[in-house]
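Enquirer: Sequence first, predicted model second:
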Amino acid sequence: MIHPSLLVVDEIGYLPLNPTGAMLFFQLINRRYERASTVLTSNKGFEEWGAVLGDEVMAAALIDRLVHHCHIVNIRGNSYRMRLHTELSKALLASDSEPDRTPRKRRSRKAKEVTTT
């Protein structure tokens, strides 16, 4: 499909774009502007996009097109990928610091004979 009705671009700013990549990305967004829906995700604030694109003026023009007629969803908090790891680490640390209270088998008072030949 050449012109998808919805385009999802994930992790804008994860890696900086070279000048050609930044220009092509701007052209992509510009062509879709007011014609089709686009979803972008990024862990960078708009104030950092100049550095990501390598051009403050282009970043301002891109952001202008993006925020016109848009819904911004700002999600704050820890990574969901790290949540399980963090909970597991806390549980392991807690179990290491608490004394072991698991019942143990009592040893038989009678010693077993061991015969060697």
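Expert: That came through fine.
Enquirer: Find the residue closest to residue 56 in space, skipping its chain neighbours.
Expert: Leaving aside its sequence neighbours, residue 56 sits nearest to residue 50 (CB to CB, 6 or more residues apart in numbering; 3.8 Å). From N, CA and C alone the C-beta is placed, and that goes for glycine too.
Enquirer: Which other helices and strands does the helix or strand containing the one you found contact?
Expert: In this assignment (DSSP states H and E), residue 50 forms part of helix 49-53. Contacts defined by 3 or more CB pairs under 8 Å, 6 or more residues apart in numbering; DSSP states H and E place helix 49-53 against helix 19-32, helix 56-67.
Enquirer: returning to that earlier point: surely the residue nearest to residue 56 and residue 59 touch.
Expert: Yes. Residue 50 is within contact range of residue 59, at 4.3 Å (criterion: CB atoms under 8 Å).
Enquirer: Would you mind giving the secondary structure of the residue lying closest to residue 51 once chain neighbours are set aside?
Expert: Using CB to CB, 6+ apart and skipping residues adjacent in sequence, the residue nearest residue 51 is residue 16, 7.0 Å away. The assignment at residue 16 comes out as coil when based on DSSP: H, G, I helix; E, B strand; the rest coil.
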